[in-house]
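Participant: sequence and predicted model, in that order:
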Amino acid sequence: MISRREFVTGAGMLALGAGVISRAGAASLPEAMVAPGVSTQPPRLPSTGRPFHPVVTLNGWSLPWRMNQGVKEFHLVAEPVERELAPGMIARLWGYNGQSPGPTIEVVEGDRVRIFVTNRLREKTSIHWHGQRLPNGMDGVSGLTQPAIESGKTFVYEFVARRAGTFMYHPHSDEMVQMAMGMYGFWVTHPKDPDFMKVDRDFVFLLNNFDIEPGSATPRVNTMLDFNLWAFNSRVFPGIDSMHVRQGDRVRVRIGNLTMTNHPIHLHGHEFVVTGTDGGWTPPASRWPEVTLDIGVGQMRSIEFDATEPGDWSLHCHKSHHTMNAMGHQVPTMVGVDQRGIAEKISQLIPDYMAMGEHGMGEMAEMSMPLPDNTLPMMTGDGPFGSVEMGGMFTVVKVRREQQPGDYSDPGWYRHPHGTQAWEWTGNLPDALSSHSAGGQSMPAKHQERMDLKAHKPQGHTGHR
Ligand SMILES: [Cu+2]
């Protein structure tokens with residue numbers, strides 16, 4: 001639950017939504033808002049400036065602004081932050097306004113935007129506005145387009161948001177270290193016409209990665225590729241909020257990749273199309289249906305689908321080592337290794353030793369392994385039917401008929417209608433299913449059709465039998 005640590009009102013400041021607090025800055029600066037906590041903040045309609053349909057930042061929030069003579073003013077503060085990656089693990093990161101990632105910035109095409117950037121790190125920084133059309137001197141590449149922002153200093157960036165679309169921001173100064181520490185954020189420029197490409201729900205999150213040694217809290221900043229924590233918005237499963245939508249909603253999910261590898265993002269139960277890339281909206285004739293989309297390093301993609309199918313649908317990276325947490329990375333393969341006898345000998349030397357992995361690693365999700373402090377299990381997460389055996393880049397899209405428009409609260413786990421869930425074979429079809437062959441009427445006609453197709457499948461195709 002979100003609490004207010006401090007509340008200071010400033011002249012001209014818009015009304016603040018629940019969970020957002022302001023922090024006094026210098027008199028001439030807009031206040032630098034912070035939102036403590038890690039839960040997804042519901043979208044807040046703009047109270048000043050042009051109208052738009054706000055996005056929902058997964059496990060995050062959007063930064064309030066101040067209108068100053070027609071200019072939208074924001075204040076970002078680069079600073080050390082603590083972020084809970086999932087319950088049981090706090091990471092010591094760098095970010096903006098109390099969080100990694102920093103808050104999402106939402107503006108409207110044509111807005112003149114002024115962003116004050118204060119550096120509270122102990123080293124210099126800068127911010128690059130990834131993907132934007134802007135004057136070259138506002139591009140934020142330290143040394144090339146501006147001097148770096150020294151510790152304690154504030155710089156001002158100002159430009160017109162010329163193109164609607166999906167963008168990111170991140171440092172362009174000691175970039176490898178500052179991004180490895182968690183400095184980045186999302187930026188959405190909404191179309192001037194609020195009805196253009198309108199959707200019912202518009203979610204955003206960044207893909208990010210850390211290399212944090214089990215038992216420690218600070219990322220290793222010189223890691224090049226072998227990261228061990230794969231995150232959506234600096235959260236890992238089961239710390240990532242699920243996305244809650246109403247059946248029939250048109251849903252957009254905007255994803256930016258600021259990790260050091262590509263991520264094939266896979267959605268269960270629905271097909272989607274890519275409606276936006278780094279360069280803008282895709283022409284409708286260029287779209288084709290997908291269920292998995294590979295998102296490259298430094299890229300943004302907007303996907304859209306009609307949430308027609310009720311249920312709890314996984315959305316995750318399809319690299320299976322990206323859906324597990326740090327503990328698994330140095331575990332030797334033990335599948336098929338007979339460990340009888342060895343475990344007792346080792347446990348005389350190491351009292352906590354457990355033999356594992358002989359029959360696969362799924363058991364690791366359920367046994368309570370002794371873990372170093374501040375470390376998450378390799379795979380974990382409780383679903384309604386047991387352990388989900390996941391970690392890292394994994395969440396759930398919950399599609400419900402009863403979800404009200406504008407309601408982003410968690411509807412709980414899906415209750416599968418009778419006869420629509422996989423069951424354990426006990427030698428007989430349950431009544432509801434066997435009634436088909438007996439001429440019963442308890443299955444809907446649509447399901448009977450599917451069973452007919454199954455029954456008529458040629459047996460020769462199962463060649464391994
Ligand atoms: Cu991945």
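Facilitator: Ah, there it is.
Participant: just give me the longest strand of the protein.
Facilitator: Across the chain, the longest stretch assigned as strand under DSSP state E is strand 71-86.
Participant: so what secondary structure elements neighbour that one?
Facilitator: On a contact count with 3 or more Cβ pairs under 8 Å, 6 or more residues apart in numbering; DSSP states H and E, strand 71-86 meets strand 66-68, strand 89-96, strand 112-119. Heads up, the C-betas are built off the backbone N, CA and C, glycines and all.
Participant: go again using 10 Å as the cut-off
Facilitator: On a contact count with 3 or more Cβ pairs under 10 Å, 6 or more residues apart in numbering; DSSP states H and E, strand 71-86 meets strand 66-68, strand 89-96, strand 105-108, strand 112-119, strand 154-160, strand 229-232.
Participant: can you list those strands in CSV and add mean neighbour count and distance to Gln178?
Facilitator: Shown next, in CSV, are the helices and strands packed on strand 71-86 (neighbours: other Cβ atoms under 10 Å; distance: least, Cβ to Cβ, whole Å):
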stretch, mean neighbour count, distance to Gln178
strand 66-68, 16, 26
strand 89-96, 22, 6
strand 105-108, 24, 18
strand 112-119, 21, 11
strand 154-160, 17, 15
strand 229-232, 27, 16
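Participant: indicate which one of those strands is closest to the ion.
Facilitator: strand 229-232 (5.6 Å; Cβ to the ion).
Participant: who does the helix or strand following the closest one pair up with?
Facilitator: Next along the chain after strand 229-232, taking DSSP states H and E as the criterion, comes strand 243-246. Strands adjacent to strand 243-246 in the sheet, as given by DSSP bridges, are strand 394-400 (parallel).
Participant: so which residues on the chain come close to the ion?
Facilitator: Contacts of the chain with the ion, taken as Cβ under 5 Å from the ion, map to 263, 317, 319, 322.
Participant: would CSV of those residues with neighbour count and distance to Glu344 be doable?
Facilitator: CSV is the format used below for the residues of the chain next to the ion (neighbours: other Cβ atoms under 10 Å; distance: Cβ to Cβ, whole Å):
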residue, neighbour count, distance to Glu344
His263, 24, 42
Cys317, 24, 39
Lys319, 16, 37
His322, 23, 36
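Participant: could you dump those residues to TSV with pLDDT?
Facilitator: Below are the residues of the chain next to the ion laid out as TSV (pLDDT from 0 to 100):
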residue	pLDDT
His263	97
Cys317	96
Lys319	94
His322	93
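Participant: can you read off the pLDDT for the residue nearest to Pro384 when sequence neighbours are not counted?
Facilitator: Leaving out its chain neighbours, the residue that sits closest to Pro384 by Cβ to Cβ, 6 or more residues apart in numbering is Trp413, at 4.1 Å. Per-residue pLDDT puts Trp413 at 97.
Participant: again with Glu344
Facilitator: On the pLDDT scale, Glu344 gets 72.
Participant: just give the number of residues close to it.
Facilitator: 11 (other Cβ atoms under 10 Å).
Participant: and for the one 3 residues further on?
Facilitator: Applying the criterion other Cβ under 10 Å, we find 13 residues in the vicinity of Ser347.
Participant: quick check: which element contains it?
Facilitator: helix 342-349.
Participant: and Ile285, which of the three is it?
Facilitator: If you look again at residue 285, you'll see it is Ala, not Ile. Of the three states, Ala285 takes helix according to DSSP: H, G, I helix; E, B strand; the rest coil.
Participant: that one and Arg301: what is the separation?
Facilitator: For Ala285, the distance to Arg301 equals 18 Å [Cβ to Cβ, to the nearest Å].
Participant: likewise Gly37?
Facilitator: For Gly37, the distance to Arg301 - Cβ to Cβ - is 28 Å.
Participant: more crowded one of those two?
Facilitator: In this comparison of Gly37 against Arg301, neighbours counted by other Cβ under 10 Å, the higher total goes to Arg301 at 22 against 15.
Participant: tell me which element the nearest residue to Trp61 once chain neighbours are set aside is part of?
Facilitator: In space, Trp61 comes closest to Gln41 once its chain neighbours are excluded; the distance is 3.9 Å by Cβ to Cβ, 6+ apart. Assessed by DSSP H and E, Gln41 sits outside every helix and strand.
Participant: wait, what's in contact with the residue lying closest to Pro214 once chain neighbours are set aside?
Facilitator: Nearest residue to Pro214, sequence neighbours excluded (Cβ to Cβ, 6+ apart): Thr375, at 4.3 Å. Contact analysis of Thr375 by Cβ atoms under 10 Å, 6 or more residues apart in numbering lists 88-89, 212-217, 325-327, 369.
Participant: with Leu134 instead?
Facilitator: Leu134 neighbours (Cβ under 10 Å, 6+ apart): 113, 140, 157-163.
Participant: same thing but at 8 Å, please
Facilitator: With contact set as Cβ atoms under 8 Å, 6 or more residues apart in numbering, Leu134 has these partners: 159-160, 162.
Participant: quick one: secondary structure of it?
Facilitator: Assigned with three-state DSSP, Leu134 falls in the coil class.
Participant: need phi/psi at it.
Facilitator: Backbone torsions of Leu134, given as degrees, to the nearest 10, read phi -160, psi 170.
Participant: mind checking how far it is from Tyr96?
Facilitator: With Cβ to Cβ as the criterion, Leu134 and Tyr96 are 19 Å apart.
Participant: for Asp111, same thing?
Facilitator: Counting by Cβ to Cβ, the gap from Asp111 to Tyr96 is 20 Å.
Participant: what are the boundaries of the strands in the stretch 251-400 of the chain?
Facilitator: Here the stretch 251-400 of the chain has its strands, by DSSP state E, counting those that start in this stretch, at 263-267, 273-277, 280-281, 292-295, 300-306, 311-317, 380-383, 386-390, 394-400.
Participant: could I get the ones you listed as TSV with distance to Val221?
Facilitator: Shown next, in TSV, are the strands of the stretch 251-400 of the chain (distance: least, Cβ to Cβ, whole Å):
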stretch	distance to Val221
strand 263-267	21
strand 273-277	30
strand 280-281	33
strand 292-295	23
strand 300-306	24
strand 311-317	23
strand 380-383	27
strand 386-390	27
strand 394-400	25
